[in-house]
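Trainee: Pasted the sequence and its predicted model underneath.
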Amino acid sequence: MDALLPMIKPGLVHSPSSTLLDHPLLFFGSGRMVKNLNPIRIPKITKVKAEAHKQVSTAPSIDFSDPDWKSKTSVSLDFAEGYPSDEEWHGYINNNDRVLLKVIRYSSSTSAGAECIDPGCTWVEQWVHRAGPREKIYFKPEEVKAAIVTCGGLCPGLNDVIRQIVITLEIYGVKKIVGIPFGYRGFSDKSLAEMPLSRKVVQNIHLSGGSLLGVSRGGPSVSEIVDSMEERGITMLFVLGGNGTHAGANAIHEECNKRRLKVAIVGVPKTIDNDILLMDKTFGFDTAVEEAQRAINSAYIEDVLINSPGVGENSTLSSGYITVDSRQSPNHKLSGWASVFRLNTVSSSKIVSILSVCAVRGGSGLEGAKELGSSTSVSLDFAEGYPSDEEWHGYINNNDRLLLKVIRYSSSTSAGAECIDPDCTWVEQWVHRAGPREKIYFKPEEVKAAIVTCGGLCPGLNDVIRQIVITLEIYGVKKIVGIPFGYRGFSDKSLAEMPLSRKVVQNIHLSGGSLLGVSRGGPSVSEILDSMEERGITMLFVLGGNGTHAGANAIHEECNKRRLKVAVVGVPKTIDNDILLMDKTFGFDTAVEEAQRAINSAYIEAHSAYHGIGVVKLMGRSSGFIAMQASLASGQIDICLILEVPFNLHGPHGILSHLKYLLETKGSAVVCVAEGAGQVFLEKINAADASGNIILGDIGVHIQQETKKYFKGIGFPADVKYIDPTYMIRACRANASDGILCTVLGQNAVHGAFAGYSGITVGICNTHFVYFPIPEVIAQPKVVDPNSRMWHRCLTSTGQPDFV
Ligand SMILES: Nc1ncnc2c1ncn2[C@@H]1O[C@H](COP(=O)(O)OP(=O)(O)OP(=O)(O)O)[C@@H](O)[C@H]1O
Ligand SMILES: O=P(O)(O)OC[C@H]1O[C@](O)(CO)[C@@H](O)[C@@H]1O
Ligand SMILES: [Mg+2]
C-alpha cells in the first residue's frame, strides 16, 4: 500500500507530475477503492532540493515592538536542509495521516441505512488524506500567484471562504493574490479585470452574503481558461463551486498536467443543496436550512392564524419537519419504523407483538476500547429468536457499531495526534449505534415516562423535551410527565409533576429555556428513587450536563440495586460542549451563533472609537470551546483567551503590550475571553453553587480594568468597552442546526429506552448517533487541546502570538 502513497521522502520535494497534484484525493485500505475513482498511479518521485518549512505555531518568541513581527515568526519560511525528525513536528500534519471514510460497521445489509460494499456487509477500511499544513511545502510563496474564482449559484459563506483563503495565503507569505470576476467567464471576458486581493480588501466581506467576486454559469473552454492562466502566470487556482464547477476544476487540473504546468488546482465545494459525495456537509447548507426553517415558520403562522382551522391543524402536524407532511399522504408507502410515524395505533400494537424478553441492561456500550476499559457488548435474548435479515425494515440491527476515532495518525507528533501508545498504533474502538430496534423491551401501555431538565439553561432543551414526548407517543406511551425544576422536583411536595402530550409540547421549541424549569442541587439519589417508585416511573429521561449525568448514573445504579425495571437515559446538554467523545452537545452551535453577534457589536464599538478595544466574555467554565469557535466564526477577534492556554497580562509578551501594538498598527482590537480563563489573576471566591460547582471570578471585568489602568499609566489613549452576553447566549431558542440535533437526540433517547438500555446517554459521534455508557463521557470535562488543529486554526484567524 505504501507504494501508492504520495510520500515526501527526506531530502525530496515532490514533482508536480507525480504527486498530490495528480490525485488530490486518494483512497486506501484493504486494497479497495471507492467506486468511480480512477486507479491510483504509483507516483514518480523526482529529486529536488530539500525544503523544510519551519513554522512556529504555538510558541513563537515575538518582539511586539517590531512592526513586522508576524512575517518574522509564525509566518516566516525558513527553509532548512533535510527532513525534520518526528520531534520537530509542531502543529504540522504528517503526510501519512489518514482519516477513515466510513465509520459504521453494519452487521447486516438490511440494518437501517446500511451502506454495504458487498452482500456480506464486510467491514472495509477506506482512508482519505488528512487536510492541514505540512512542514515541507512545495511552492515558494514569493513565486506564487494565486487566483480565486467563484462559479455556479450563490451560497452563504462564499465570502468567508474567499476571505480565509486570502488571509491564509498572506500568512504563507504570498503577495500576488487575485480574484477572477464572475466565475470562469472572468478568464475570457476582456472587459472583466482581475481583482487584487489582500487582507485589507477582504477584512469584512464575510459580513455580507453573495460573492465579492461575483458568480456566473457557463463560460470559456478549458483550454481558453488554461491559456488565460498561463498568460496571467497563475500558479495556484482556488475554485469555489458545486459539482459543475468541480468538473471544470478537474479538467483544468488535467489540462495543466498535460501542459506540464506547475499549478495547484484546489476546489472548495460550495452548494446549499449538500449534494456532494463523501462529505458530511458542504458550506452554506446549514445557513440555508436555518433560513428555510424561518420560511416554514412563517408558513406555519400564516396557516394557523389566517387560514381555516382545518389547514391550521394540518400545518400544526407538519411544523418542525416538513417530511411528516408528505408521510400523511394516503398514497405514501411506508415500511418498518417509518410506518410507525404514520400509523400510530397500528404500529404500537405491532411493536408489542414482537416484544423481547431481554432485561434492562447497564451501560456497556464500548467495545474493544483499549483506553476506555473493556466492556461487553449488549446481548439480546429474544423470545422468538433473532429475526432474519429479510425482516429488518428501518430498524437498527443491535450489532451495528460505530467507530469512535477516525484518524490514523502516522506519528504522535502530527498536529492534534491523539495516540494511545507511543507508536500511535491504530486502535479500533466501537460504540453502539443509536436508533429504533425491531424488538423492544417495554410494553408501551405499561410505561410511565418522566423527563427532567437540570443544571443551567441551554438552547434546545424544549426541542428535546418535545421530541421525547412525540416519540414516546408514537410508541404508544400514554403516561408522560415532566418533573419540574430539575431533581428538586422529585422531593419538593409543592411542585406537581406536569402531564405532557404532543399537544402540550407542540410549540415549546419556539422559545428558549425549559418548559419544565431547571435547578441546581436537590435531593439525594435515594430520595429520588423513593419518589420514582412512588410515582411508578419506568423510564426517566435526564437532560443535563456532567453533574446531571453523574446523578443519572447514580439513579441507574440505585435502580439496579433495588432491582427496578427502569430505563435511565441521558441527553447531554451544555453550551460549553465539554462532554467527552461527542462531536458536540446540543445548544453549543446556537451559543456560538449568539456569541458571534456579541463579538460583532464589540468589533463595531471598537472599530468606531478612537483606539477602541472591545472585550467580550463568553461562558465556558472548564473549557474554551465557545470562545474558540465564536472567534473563528466571527473573524473579528484579535486575541482569544481560553483557560487551556496560559497567558500573561503584563510584561513584554503579555496581552497589554500586544493590545498597544494592535492599536498602533490597526487602530482597534477585539478580545474574546472564556469565563474560566485567567482565574490565577483573580482572588479566589471560595464559594460554590447548590450543585457544588466552584463560583468563578469575573475575568472579563478584570481584563477591562487592567487594560484601562495600563493605557492610562502609559498615557496612551484607549477606549475600552466590555460586553458580557453570557446569559443571552444560552437563553435563546435553538438554531436550525441545534434544532435538528435535538430532534434526533430526543428520538434516539426514546429508542434507547425502549431497546432496554439504561445508564446510557445519546450522542453524536463522527456525525452518527450512538449510545455511550454515562461514566465514559463524564470521566472528566472535555477541553480544547492546544495542540489541536482547531486551536491552531483559531490562531491563524486571530493572528495572535503566545502570551507567555
Ligand atoms: N456526582 C453527582 N451525583 C449525583 N448528582 C449530582 C452529582 N453532581 C451533580 N448532581 C446533580 O445534578 C444536577 C445538575 O448538576 P449541575 O448543577 O452541576 O449541572 P450540570 O448538569 O453539570 O449542567 P451545567 O452544564 O449547566 O453545569 C444537580 O441537581 C446536582 O445536585
Ligand atoms: O449561572 P448558572 O446557572 O450557575 O450557570 C453558569 C454556568 O453554566 C454554564 O453555562 C453551563 O455549564 C457554564 O458555562 C456557566 O459557568
Ligand atoms: Mg456542569
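Mentor: That came in fine, so what should we check first? Ligands and ions are numbered 1, 2, ... in the order given.

Trainee: If you count neighbours, what's buried in stretch 231-249?
Mentor: Of all the residues in stretch 231-249, those buried under the rule 16 or more other C-beta atoms under 10 Å are 234-242, 245-246, 248-249. Where you see a C-beta, it was placed from the backbone N, CA and C, and this is true even at glycine.

Trainee: Generate a markdown table for those residues, with secondary structure as supplementary columns.
Mentor: What follows is these, written out as a markdown table (DSSP: H, G, I helix; E, B strand; the rest coil):
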| residue | secondary structure |
| --- | --- |
| 234 | coil |
| 235 | coil |
| 236 | strand |
| 237 | strand |
| 238 | strand |
| 239 | strand |
| 240 | strand |
| 241 | strand |
| 242 | coil |
| 245 | helix |
| 246 | helix |
| 248 | helix |
| 249 | helix |
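
Trainee: Residue numbers of the protein in contact with ligand 2?
Mentor: For the chain, the residues in contact with ligand 2 (C-beta under 6 Å from any ligand atom) are 456, 545, 574, 575, 576, 619, 620, 621, 675, 689, 730.

Trainee: burial measure for residue 727, as a count.
Mentor: A count of nearby residues for residue 727, using other C-beta atoms under 10 Å, gives 11.

Trainee: Double-check that it belongs to a helix.
Mentor: No. Assigned with three-state DSSP, residue 727 falls outside any helix and is coil.

Trainee: how much space is there between it and residue 675?
Mentor: 12 Å (C-beta to C-beta, to the nearest Å).

Trainee: Could you check which residue of the stretch 201-350 of the chain lies nearest ligand 1?
Mentor: The shortest separation between the stretch 201-350 of the chain and ligand 1 is 24.0 Å, found at residue 286 (distances taken as C-beta to the nearest ligand atom).

Trainee: pretty sure that residue contacts residue 740?
Mentor: No. Taking C-beta atoms under 8 Å as the contact criterion, residue 286 and residue 740 are not neighbours in contact, 9.3 Å apart.

Trainee: returning to what we had before: now, which of the residues of the chain next to ligand 2 lie close to ligand 3?
Mentor: Among the residues of the chain next to ligand 2, the residues that sit close to ligand 3 (C-beta under 5 Å from the ion) are residue 545.

Trainee: Let me know the closest of the residues of the chain next to ligand 2 to residue 787.
Mentor: residue 620 (18.8 Å; C-beta to C-beta).

Trainee: where's whichever residue of the stretch 51-200 of the chain sits closest to ligand 1 relative to ligand 2, distance?
Mentor: Ranking the residues of the stretch 51-200 of the chain by distance to ligand 1 (C-beta to the nearest ligand atom) places residue 103 first, at 27.5 Å. With the distance defined as C-beta to the nearest ligand atom, to the nearest Å, residue 103 ends up 29 Å from ligand 2.

Trainee: residue ranges of the strands in the stretch 51-200 of the chain, please?
Mentor: Listed from the start of the chain, the stretch 51-200 of the chain has strands (DSSP state E, counting those that start in this stretch) covering 98-100, 104-105, 127-129, 145-150, 176-180, 195-196.

Trainee: Quick one: name whatever helix or strand follows the helix or strand bottoming out on mean pLDDT in the chain.
Mentor: For the chain, the helix or strand with the lowest mean confidence is helix 344-353, at a mean of 24 (criterion: mean pLDDT, DSSP states H and E). For helix 344-353, the succeeding helix or strand toward the C-terminus, using DSSP states H and E, is strand 401-403.

Trainee: Now for the buried residues of stretch 231-249: which two are most distant?
Mentor: The distance between the two most remote of the buried residues of stretch 231-249 (C-beta to C-beta) is 24.7 Å, for 235 and 242.

Trainee: Would you mind giving both backbone torsions of residue 671?
Mentor: Geometry field for residue 671 lists phi and psi as phi -110, psi 140, criterion degrees, to the nearest 10.

Trainee: Could you tell me how many residues sit around it?
Mentor: For residue 671, the count of nearby residues is 30 (other C-beta under 10 Å).

Trainee: Pull the contacting residues for it.
Mentor: With contacts defined as C-beta atoms under 8 Å, 6 or more residues apart in numbering, the neighbours of residue 671 are 613, 614, 615, 616, 637, 638, 639, 640, 641, 655, 659, 703.

Trainee: Would you list the buried entries among those residues?
Mentor: By 16+ other C-beta under 10 Å, the contacts of residue 671 give 613, 614, 615, 616, 637, 638, 639, 640, 641, 655, 659, 703 as buried.

Trainee: where's the fourth one relative to ligand 3, distance?
Mentor: Put plainly, it is residue 616. Going from residue 616 to ligand 3 by C-beta to the ion, to the nearest Å gives 22 Å.

Trainee: any idea how far that residue lies from residue 214?
Mentor: 34 Å.

Trainee: One more: the second one?
Mentor: The span separating residue 614 from residue 214 equals 32 Å under the rule C-beta to C-beta.

Trainee: And for the residue in the stretch 151-300 of the chain that ligand 3 sits nearest to, nearest residue in space, chain neighbours not counted?
Mentor: Distances between the stretch 151-300 of the chain and ligand 3 by C-beta to the ion are smallest at residue 286, namely 26.9 Å. Leaving aside its chain neighbours, residue 286 sits nearest to residue 737 (5.1 Å; criterion: C-beta to C-beta, 6 or more residues apart in numbering).

Trainee: What about the residue nearest to residue 123 when sequence neighbours are not counted, how many residues nearby?
Mentor: Counting by C-beta to C-beta, 6+ apart, residue 123 lies nearest to residue 105, which is 4.7 Å off, once chain neighbours are set aside. Other residues lying near residue 105 total 17 when counted by other C-beta under 10 Å.

Trainee: do the same with residue 598
Mentor: Residue 598 has 22 neighbours, counted by other C-beta under 10 Å.
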